[in-house]
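1. A predicted structure for the sequence below; I have some questions about it.
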Amino acid sequence: MLDVEKKTWSVVTQSGDVPSVRHGASAVVHNERLYVFGGATAKNKALDDFYSFQFASGVWTRIAAADGPSKRYFAATTIAGDKLYVHGGEVNIKTQVADFYEFAFADSKWRKLTVGGAVALKERAGASVSVSGIVPFNSGNQVICCLPIPTTPSCTYMADLVVSN
């Protein structure tokens with residue numbers, strides 16, 4: 001763990017149901033806990049497990065919640081309010097998904113969302129951040145912006161980014 005003030009690293013003692021080694025996992029911090037979803041094994045086998053890590057105690061807990069996202073890695077994940085959102089990801093090197101899920105911390109339940117608006121992008125190596133409830137997702141070279149509301153998020157295509165050398 002990095003102590004920002006002291007500018008030093010230290011090894012974190014872990015216990016509980018420690019997740020397997022993985023890459024491409026989605027991770028967010030909410031209420032003094034780190035939440036980790038999915039990822040892939042060293043042989044790129046996609047995972048769909050879901051864990052929380054309590055910083056104060058150093059204890060990992062596997063979260064058993066039905067109806068969550070399928071196995072995937074490199075999904076875009078963010079927090080908005082008291083909910084976690086997962087969009088897209090890769091099932092394998094040739095297959096990406098464009099679905100959208102919400103996890104409510106209050107009742108520990110997943111819900112698949114129907115996204116309204118102009119676009120439903122397949123996510124590959126996505127990134128996201130939440131600012132005042134607006135959740136922009138970066139999907140490869142396209143950016144969409146979602147505003148989560150209680151029933152159906154409204155997503156709008158924001159830009160088509162072109163990068164040239």
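-> Perfect, thanks for sending it. This is a predicted model, so every value here is computed, not measured.
2. worst-scoring helix or strand of the protein, pLDDT-wise?
-> strand 154-160 (a mean of 39; mean pLDDT, DSSP states H and E).
3. ok, Glu32 touching Phe53?
-> No: contact criterion CB atoms under 8 Å: Glu32 and Phe53 do not qualify, at 9.9 Å. Heads up, the C-betas are built off the backbone N, CA and C, glycines and all.
4. tell me which of these two has more neighbours.
-> Each of Glu32 and Phe53 has its neighbours counted (other CB atoms under 10 Å); Phe53 has more, 21 against 10.
5. in this structure, where is pLDDT below threshold?
-> 115-165 (pLDDT under 70).
6. quick one, what contacts the residue nearest to Ala40 when sequence neighbours are not counted?
-> Spatial nearest neighbour of Ala40, excluding adjacent residues (CB to CB, 6 or more residues apart in numbering): Tyr73 at 4.0 Å. Contact partners of Tyr73, counting by CB atoms under 8 Å, 6 or more residues apart in numbering, are Arg22, His23, Gly24, Ala25, Gly38, Gly39, Ala40, Asn44, Ala46, Leu47, Gly89, Glu90.
7. which residues does the last one contact?
-> By CB under 8 Å, 6+ apart, the residues touching Glu90 are Gly24, Ala40, Ala46, Arg72, Tyr73, Phe74, Gln96, Val97, Arg124, Ala125.
8. can you pick the most crowded of those residues?
-> When neighbours are counted by other CB under 10 Å, Arg72 leads these with 27 neighbours.
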